[in-house]
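1. show me the folded form of this:
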Amino acid sequence: MKNYYLLLTAILIFSCTTSENVIPEMEEDIFVTAFTSKEFFSNGAIKDSVYYTLNNDKIVDYSGFIWFSGNHRTVNKTYNYTGNNLSETIYFYEDELHEKDTFTYDDSENLLEVNRTHYQQPTLFNDRYAYTHTNDTIYRARYRTYDDGLTEDIITESKYVFDANDNLIYYDIYSYSSYFLTTIEMNYDTNDNMLLESRTFNYPNVVTYTNTFTYDYSSLNTLFEINKNSFGKKNYILFHYFDLIDTYWRINTKNICKNSMSSYASTYEDPIIYTFEFSNELGEDDYAQTNTYKTFILGDFYTDNIIEYVFN
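-> Predicted structure coming up:
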């Protein structure tokens, strides 16, 4: 169930630029008041349905249901802000308080710490994420805390390197429990859309693969604007991006690209098991009104993911 919480936090939805691409400009405000994220089984039955409410282009809550352990489960979450920054999120599962995150920033609005409190037994620990900022590199340590924070163990250490446009160009994470190091390098087009991800794992054997992406340059990615306005682009990457279900078929990149994604391919498996089809319908001011992506397993249709935005 925890994985589904991370999936929703991330809002799992939905380069190659040439001189012939006409890329519309992003507006300062997009005036989205709500959106719905739905996933359907191959037989057309609904799997997940979550409705998000926005205020001043920021997510303030969501509610709906997800499919878990053979049943639909209700979920809802509220987002609280102090000034322009996300300060707290409160998550309920089946109408019971499940988790609460609190966010701390420095005077320059850099994310310094996130504390996650778990309320459901038999969980006997909480989580703390501590960030250290340098010019272009940010280090994150994740701790598991016990005894009301009196005892804690380090779980992972991560390194994030950003370019001048707050694009993540390098990431690594080391696990103290498995001695497992992952490194990722990214390349972007001139519109800050990720073109290539090169990933290397060193446990149990060294595995390297690439993910490649293309985009619909006529369609601005409404979800990116919502994430940027709600969390800040860099802070979204620092806390949410790699804490999702970060398997290659989840395509987390679609949450941080300026244009709507039009294709994705990975060399992770041979033969290729997962393939995808994307479609985007334009709405107001060239922002996507609807993003859809279909997942196929060995050529057979598996799921249909649709997000629909409501503009003011």
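2. every contact and neighbour count from this point should use C-alpha atoms.
-> Will do.
3. report the secondary structure state of the closest residue in space to residue 193 that isn't next to it in sequence.
-> Nearest residue to residue 193, sequence neighbours excluded (Cα to Cα, 6 or more residues apart in numbering): residue 257, at 4.7 Å. Of the three states, residue 257 takes coil according to DSSP: H, G, I helix; E, B strand; the rest coil.
4. and for residue 127?
-> Here residue 127 takes the strand state, with states given by three-state DSSP.
5. check contacts around it.
-> Remark: with contacts taken as Cα atoms under 8 Å, 6 or more residues apart in numbering, residue 127 is in contact with 115-117, 142-145.
6. again, 6 Å this time
-> Residue 127 makes contacts with 115-116, 143-145, as judged by Cα atoms under 6 Å, 6 or more residues apart in numbering.
7. surely residue 199 meets residue 209?
-> Yes. Shown here, residue 199 and residue 209 form a contact pair, counting by Cα atoms under 6 Å, at 5.5 Å.
8. distance of the residue nearest to residue 193 relative to residue 237?
-> Distance of residue 257 to residue 237, computed by Cα to Cα, to the nearest Å: 12 Å.
9. between these two, who's got more neighbours?
-> Taking other Cα atoms under 10 Å, residue 257 and residue 237 do not tie; residue 257 has more neighbours (24 against 20).
10. sorry, back to before: lowest pLDDT pick from the contacts of residue 127?
-> Taking pLDDT as the measure, the contacts of residue 127 have their low point at residue 145 (88).
11. so it is in which element?
-> Residue 145 belongs to strand 137-146 when assigned by DSSP states H and E.
12. that strand pairs with which strands?
-> strand 126-133 (antiparallel), strand 151-162 (antiparallel) (DSSP bridges).
13. just the CA trace of that strand, in CSV.
-> Extracted C-alpha coordinates of strand 137-146, given in CSV (Å, rounded to 0.1, in the frame of the first residue of the first chain):
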residue,chain,number,x,y,z
THR,A,137,25.0,20.0,-5.8
ILE,A,138,22.6,18.9,-3.1
TYR,A,139,23.2,16.0,-0.7
ARG,A,140,20.4,14.1,1.0
ALA,A,141,20.6,11.7,3.9
ARG,A,142,17.6,9.6,4.8
TYR,A,143,17.3,8.4,8.4
ARG,A,144,15.0,6.0,10.1
THR,A,145,14.2,7.3,13.6
TYR,A,146,13.0,5.5,16.7
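14. low-confidence ranges, this protein, go.
-> By pLDDT under 70, the low-scoring segments of the chain are 1-30, 149, 241-250.
15. kindly recompute the last result at 50.
-> 1-22, 244-246, 248 (pLDDT under 50).
16. turn the contacts of residue 127 into a markdown table, columns for neighbour count.
-> Formatted as a markdown table, the contacts of residue 127 follow (neighbours: other Cα atoms under 10 Å):
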| residue | neighbour count |
| --- | --- |
| 115 | 19 |
| 116 | 21 |
| 143 | 20 |
| 144 | 18 |
| 145 | 20 |
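17. closest one to residue 293 out of those, please.
-> Nearest to residue 293, judged by Cα to Cα, of the contacts of residue 127 is residue 116 at 31.5 Å.
18. which residues sit against the biggest strand by length in the chain?
-> Counting by DSSP state E, the longest strand found in the chain is strand 207-220. Residues outside strand 207-220 that contact it (Cα under 6 Å, 6+ apart): 15, 23, 195-201, 259-268, 286-288.
19. same deal with stretch 57-67?
-> Residues outside stretch 57-67 that contact it (Cα under 6 Å, 6+ apart): 32, 47-54, 72-79, 229-230.
20. what sits against residue 291?
-> By Cα under 6 Å, 6+ apart, the contact list for residue 291 reads 280, 306-307.
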